[in-house]
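Q: The following comprises the amino acid sequence and a computationally predicted model.
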Amino acid sequence: MERVILGFSGGIDSVTAARFLSERGLGVTALTLDTTGDVELVGRARAAAAEVGAEHVVRDVRDVFSTQIVDYFVLSYVAGRTPSPCVRCNPLIKWRYLIEEADRRGVRFVATGHYFNIAKRNGRFYVSRADDRTKDQSYYLWGLSQSVLSRALTPMGHAVKSEIKARFEDKRESMGLCFLQGRSCREFMERRYPAASRGGEIVDKQGRAVGRHDGIAFYTIGQKRGLDGVVGRPVVAIDAERNRLVVGDDADLYYETLEIGECNFVDEEEFLTADDIEVVIRGVGRNPEGRMRRAERIAGGYRILLGGAAWAPAAGQPVVFYRGDRVIGGGITTRFR
């Protein structure tokens, strides 16, 4: 029997993925990555694997997860950036260890409970949007390599989340940032990195003090809430070097040029020459209206000229590029203007 290594939390989606794969005649090995030392979570995953008749394996990845994902998350905010730890975790942790386990066992295929599809074009593999657009997770998977995608199965690609959820009222969902373990981001960061709470000035665009903040790590571009002494004006810049927030007007947050680094593109020529590329940014910011006008190479990445302004992009946010349903690549915002 052909086998598949399935990333498995024991939640609704991974349990459903295991059942779908079994129905296709595949033997399922459910791999749970222990990222936080949560014994109860691992126990629930083990029990759920038994329910679906899957072999269960646990891999302790706490050390690498702590340095590669958690430290990245906290230190990015401390430096005035807005990170997306899930985007980073997929290639560096989740899919990496799936492939390692598959190689160790001589298994060809790997899978997760992510909602996405894979398209093949001109001999290359592309992450593609899921059928259920309300649950589509293709945005978070642009960093996957060809070597991973060529071995990946997508059991949830055609699934409809509302239908799945209706069948599993007694099952928990895997939601939010796993390492927070029920704590707020603020509480977590204060414990992990006490210097995150170092207060400082809020200034206007002319540099005049208008209020105080209690740590730049707790703010992002476009934020209006929680600004002491400031009402109705958003954060338009974060000056980490001087530990200051700069506030301005909504109009100050529209940008038509982005610079990105840490990029991954399936076919760079397609990215640089196609005239129908959709640009997607998630977070506080709103996606640009229209499509990308042009991309050009710069040192360490690309400069993107948008067809319409994006509102409140932030350094550290992923920018993902689509042609139709295909993800042709992505990168991390470094500058905007």
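A: Here it is on my side, so go on. Residues are numbered from 1 along each chain as shown.

Q: all helices for the stretch 101-250 of the chain, in order.
A: 146-149, 161-167, 185-192 (DSSP state H, counting those that start in this stretch).

Q: Turn the ones you listed into TSV, including mean neighbour count and distance to R24.
A: Glycine gets a C-beta too; all of them are placed from N, C-alpha and C. As requested, the helices of the stretch 101-250 of the chain are exported to TSV (neighbours: other CB atoms under 10 Å; distance: least, CB to CB, whole Å):
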stretch	mean neighbour count	distance to R24
helix 146-149	15	19
helix 161-167	14	17
helix 185-192	16	39
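
Q: so which of those gets nearest A48?
A: Among the helices of the stretch 101-250 of the chain, the nearest to A48 by CB to CB is helix 161-167 (14.1 Å).

Q: Next one: the most centrally placed residue in the chain from Y139, what distance?
A: Geometric centre of the chain, nearest residue: V87, 2.9 Å, by CA atoms, centre = their mean. Going from V87 to Y139 by CB to CB, to the nearest Å gives 8 Å.

Q: shared neighbours of those two, anything?
A: Shared contacts of V87 and Y139 (CB atoms under 8 Å, 6 or more residues apart in numbering): P318.

Q: CA atoms only for stretch 184-195, dumped as PDB, please.
A: What follows is the C-alpha trace of stretch 184-195 in PDB, where atoms were taken according to Å, rounded to 0.1, in the frame of the first residue of the first chain:
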ATOM      1  CA  SER A 184      -2.700  37.600  24.100                       C
ATOM      2  CA  CYS A 185       0.100  38.700  21.900                       C
ATOM      3  CA  ARG A 186       1.000  41.500  24.400                       C
ATOM      4  CA  GLU A 187       1.200  39.100  27.300                       C
ATOM      5  CA  PHE A 188       3.200  36.600  25.400                       C
ATOM      6  CA  MET A 189       5.700  39.200  24.100                       C
ATOM      7  CA  GLU A 190       6.100  40.800  27.500                       C
ATOM      8  CA  ARG A 191       7.000  37.500  29.000                       C
ATOM      9  CA  ARG A 192       9.300  36.400  26.200                       C
ATOM     10  CA  TYR A 193      11.000  39.800  25.700                       C
ATOM     11  CA  PRO A 194      10.400  42.200  28.600                       C
ATOM     12  CA  ALA A 195      12.100  45.100  26.700                       C
END
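
Q: Contacts for it, please.
A: 70, 74-75, 77-78, 177, 179-180, 183, 196-197, 217-218.

Q: repeat that for 10 Å
A: For stretch 184-195, the external contacting residues (CB atoms under 10 Å, 6 or more residues apart in numbering) are 66, 70-71, 73-75, 77-78, 176-177, 179-183, 196-197, 214-215, 217-218, 226.

Q: Mind listing what's buried along stretch 289-305?
A: 291-293, 295, 301-304 (16 or more other CB atoms under 10 Å).

Q: whoops, stretch 68-81 was the one
A: Of the residues in stretch 68-81, 68-70, 72-78, 80-81 count as buried by neighbour count, 16+ other CB under 10 Å.

Q: now the end-to-end length of it.
A: One end of stretch 68-81 to the other measures 16 Å (CA to CA, to the nearest Å).

Q: Use 47 as the first number for this chain going forward.
A: With 47 as the first residue, the last one maps to stretch 114-127.

Q: Reformat the helices of the stretch 147-296 of the chain into CSV and put distance to C309 and mean pLDDT next to each item.
A: Shown next, in CSV, are the helices of the stretch 147-296 of the chain (distance: least, CB to CB, whole Å; pLDDT from 0 to 100):
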stretch, distance to C309, mean pLDDT
helix 192-195, 15, 98
helix 207-213, 30, 88
helix 231-238, 27, 92
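
Q: This structure - how does it break down into domains?
A: Domain assignment for the chain by automatic domain parsing gives 49-226, 244-294, 298-382.

Q: next one: the longest one to chain centre, how far?
A: Which is domain 49-226. Relative to its chain's centre, domain 49-226 lies at 12 Å (CA atoms, centre = their mean, to the nearest Å).

Q: same question, the shortest one
A: Centroid separation between domain 244-294 and its chain, computed with CA atoms, centre = their mean, is 26 Å.

Q: any idea where the strands of the stretch 247-383 of the chain begin and end?
A: Taking DSSP state E, counting those that start in this stretch to define them, one finds strands in the stretch 247-383 of the chain at 255-259, 281-285, 290-293, 300-311, 324-327, 338-344, 347-357, 364-369, 372-382.

Q: I'm done for today, thanks for sticking with me.
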